[in-house]
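[1] From the sequence below, what's the structure:
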Amino acid sequence: MKQLAYIYPNRGIELRDVPEPHVKHDTDVKIKVSYCAICGSDVHMSTGAFDYMLNGMPEGFPMPLGHEVSGVVVEVGSACTSVKVGDHVTYNNNRSCGKCYFCRNHMENLCPYPNGTQGGMGAYVVTDESQVYHLPEGISLRNGCLAEPTSIAMQAVQRGEITPGKSVAIYGGGPIGMLALQLARLSGAYPLVLMDIVPEKLDLAVQMGADAALRSDSPQLLEEVWKQTEGRGFDVVIECSGALPALDAAYRSVAPGGTLVIASAYKGGAQYSLDLGTMFDHEMTIKSVFLSPGLFDRSVRILNRLNLDQVITGEFPLEQYEAAFQAHRSGKHVKIIFKLD
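    Now for the predicted structure:
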């Protein structure tokens, strides 16, 4: 079968012929992939930005790509009881060991011994039954591949402790930004403002419930921030863009006593110089988002409350992977997906 992989170190991505995976354990579930979305981490991986995570791998090592997946179950192990052949499912690719200090203290996202399932940019994947979730009634396979990014957006909203009446700004109108926008709105954020540099994304943010949408590169941005918040800044700012200029603007937008949540994947070694004086006298809290411990089930269950059709703005067959990644890098799209079935 065909599978898209990153070739370590920094040799780009390649569509390879690989053996079809098979059920080996009694709790294995084999899924025929219908859709797989491009995550920002896939793009970072393709440029070598995450090579430090693969340190020690042999040259030429193929790292299978893709983890935002929906598909149909085609085979199950003998001990599987919760899924059956024909079920429409998604899966959580992040599987922790369950035994280490972090797993035993509800921080499984920080497990040093993960055993995740990549390879969603291929015809089939095999994962453990414990990682598989039924898609809710009414959620198409096309939209079902957004369960995983929804869980990341949910983690960002939860880390920001957004409650009714808190003012919230979101920097970046990509998939995490647009999903976090909708989840923040459901959590009662007001006012709720999204910042981006692409006019179409600003228009879409308003359609999705933002009270305002602002150009993040405007020289008058901070003036607009003060107008939206009666001169205080935002209680919660979620940075989803992955761009250092936007991170700087996000930092400057936080109200005294407020929280900055960094939900972007920055490559190893990326630097940002903090104004420690402002952080000190504003008693600011800065948090980051890495995966979504304990939230995948909730993210699947809330899919029917979200506008997912408009989050997906581009669809490609896997054979056109170069064009798909180029479209992602253009910054004009919200979410690009591959149709595999």
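
[2] ok, and what's touching stretch 272-282?
    Leu244, Leu247, Asp248, Tyr251, Val254, Ala255, Pro256, Gly257, Gly258, Met284, Ile286 (CB atoms under 8 Å, 6 or more residues apart in numbering). The C-beta positions use only the backbone N, C-alpha and C, and glycine is treated the same way.

[3] Repeat the analysis, applying 10 Å as the threshold.
    With CB atoms under 10 Å, 6 or more residues apart in numbering as the test, stretch 272-282 has contacts from 233, 244, 247-248, 251-252, 254-258, 260, 262, 266, 284-286.

[4] Could the C-alpha coordinates of that stretch be exported in CSV?
    Extracted C-alpha coordinates of stretch 272-282, given in CSV (Å, rounded to 0.1, in the frame of the first residue of the first chain):
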residue,chain,number,x,y,z
TYR,A,272,11.1,34.7,22.3
SER,A,273,12.4,37.4,24.6
LEU,A,274,9.9,38.1,27.4
ASP,A,275,9.4,41.5,29.0
LEU,A,276,9.9,40.2,32.5
GLY,A,277,8.9,43.5,34.1
THR,A,278,5.5,43.4,32.5
MET,A,279,5.1,39.7,33.4
PHE,A,280,6.0,40.6,37.0
ASP,A,281,3.8,43.6,37.6
HIS,A,282,0.8,42.1,35.6
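
[5] Which residues does stretch 302-310 contact?
    90, 135-140, 142-147, 150-151, 153-154, 175, 178-179, 181-183, 186, 204, 207-209, 295, 299, 334-335.

[6] which ones among the residues you listed are found in strands?
    Thr90, Lys335 (DSSP state E).

[7] List buried residues within the contacts of stretch 302-310.
    Among these, the ones that count as buried by 16 or more other CB atoms under 10 Å are 90, 135, 139, 142-147, 150-151, 153-154, 175, 178-179, 181-183, 204, 208, 295, 299, 334-335.

[8] Return the subset of those lying in helices.
    Cross-referencing these against helices under DSSP state H gives 142-144, 147, 150-151, 153-154, 175, 178-179, 181-183, 204, 299.

[9] so where do the helices sit in the stretch 1-150 of the chain?
    40-46, 141-144, 147-159 (DSSP state H, counting those that start in this stretch).

[10] Show the average pLDDT along the helix or strand where Ala324 lies.
    Element membership for Ala324, per DSSP states H and E: helix 321-329. The average pLDDT for helix 321-329 rounds to 95.

[11] what's it in contact with?
    So helix 321-329 is contacted by 2, 4, 12-15, 37-40, 42-43, 46-47, 65, 121, 174, 313-318, 320, 333-338 (CB under 10 Å, 6+ apart).

[12] so what's the residue positioned nearest the centre of the chain up against?
    Centroid-nearest residue in the chain, with CA atoms, centre = their mean: Pro149, separated by 3.5 Å. Pro149 makes contact with 37, 39-40, 67-68, 174-176, 178-180, 292, 299, 311, 335, according to CB under 10 Å, 6+ apart.

[13] Flag whichever of these scores worst on pLDDT.
    Gly40 (89).

[14] Pull the number of nearby residues for Arg298.
    Counted with other CB atoms under 10 Å, residues neighbouring Arg298 total 13.

[15] Ok, His106 next?
    The number of residues packed near His106 is 9, by other CB under 10 Å.

[16] And for Met63?
    By other CB under 10 Å, the residues close to Met63 number 19.

[17] Restricting to C-alpha, output stretch 155-164 in CSV.
    These are the backbone C-alpha positions of stretch 155-164, laid out as CSV (Å, rounded to 0.1, in the frame of the first residue of the first chain):
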residue,chain,number,x,y,z
GLN,A,155,-7.0,21.6,25.9
ALA,A,156,-6.2,25.2,25.0
VAL,A,157,-9.6,26.4,26.2
GLN,A,158,-9.4,24.3,29.4
ARG,A,159,-5.8,25.5,30.1
GLY,A,160,-7.1,29.1,29.7
GLU,A,161,-9.8,28.3,32.3
ILE,A,162,-12.4,30.1,30.1
THR,A,163,-15.7,30.7,31.9
PRO,A,164,-18.7,32.9,31.1
